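Novice: here are the coordinates; sequence isn't available:
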């Protein structure tokens, strides 16, 4: 996997969509969107293509959150309103 478009989204338990991927190096990323996530729009829609931003979390090989290491201004384990382009940049760094 090399970019956002390579992610495989499925319905999540919140009525929206989510995708996760474990990289060859063991790092993992989760991308979510629904009325209960920090995304745009903050609603349940019929396709992940209808969202312009997503909530993400990133873990290292030991299961420790490393999300904030990708966002210098952010100090939380989960980051909301992340664009497709930003997600692709993170995927490129993790791959």
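Specialist: Perfect, thanks for sending it. No experiment lies behind these values; they were computed from the predicted model shown.

Novice: For the residue nearest in space to the middle of the chain, give its distance to residue 75.
Specialist: Nearest to the geometric centre of the chain sits residue 31, at 2.4 Å (CA atoms, centre = their mean). Distance, residue 31 to residue 75, by CB to CB, to the nearest Å: 20 Å. (Each C-beta comes from the backbone N, C-alpha and C, glycine too.)

Novice: I figured residue 91 hits residue 28, correct?
Specialist: No: counting by CB atoms under 8 Å, residue 28 is not a contact partner of residue 91; they are 11.6 Å apart.

Novice: hey, what's in contact with both of those two?
Specialist: Common contacts of residue 91 and residue 28, defined by CB atoms under 8 Å, 6 or more residues apart in numbering, comprise residue 21.

Novice: So between these two, which is more surrounded?
Specialist: Shown here are residue 91 and residue 28; by other CB atoms under 10 Å, residue 91 has more neighbours (20 against 17).

Novice: Which parts of the chain are strands?
Specialist: Remark: strands assigned in the chain by DSSP state E are 10-11, 17-22, 28-33, 53-59, 78-83.

Novice: in the second one, what counts as buried?
Specialist: Put plainly, it is strand 17-22. The neighbour-count check on strand 17-22 (16 or more other CB atoms under 10 Å) flags 17, 18, 19, 20, 21 as buried.

Novice: Tell me the strands beside that strand, with direction?
Specialist: Neighbouring strands of strand 17-22 in its sheet, by DSSP bridges, are strand 10-11 (antiparallel), strand 28-33 (antiparallel).

Novice: contact partners of stretch 25-35?
Specialist: 7, 9, 12, 14-23, 39, 42-45, 48, 51, 54-61, 66, 82, 87, 90-91, 94.

Novice: Please spell out which residues along that stretch are buried.
Specialist: Result for stretch 25-35 [16+ other CB under 10 Å]: buried residues 27, 28, 29, 30, 31, 32, 33, 34.

Novice: Let's test this: mean pLDDT of it, rounded?
Specialist: Throughout stretch 25-35, pLDDT has a mean value of 97.
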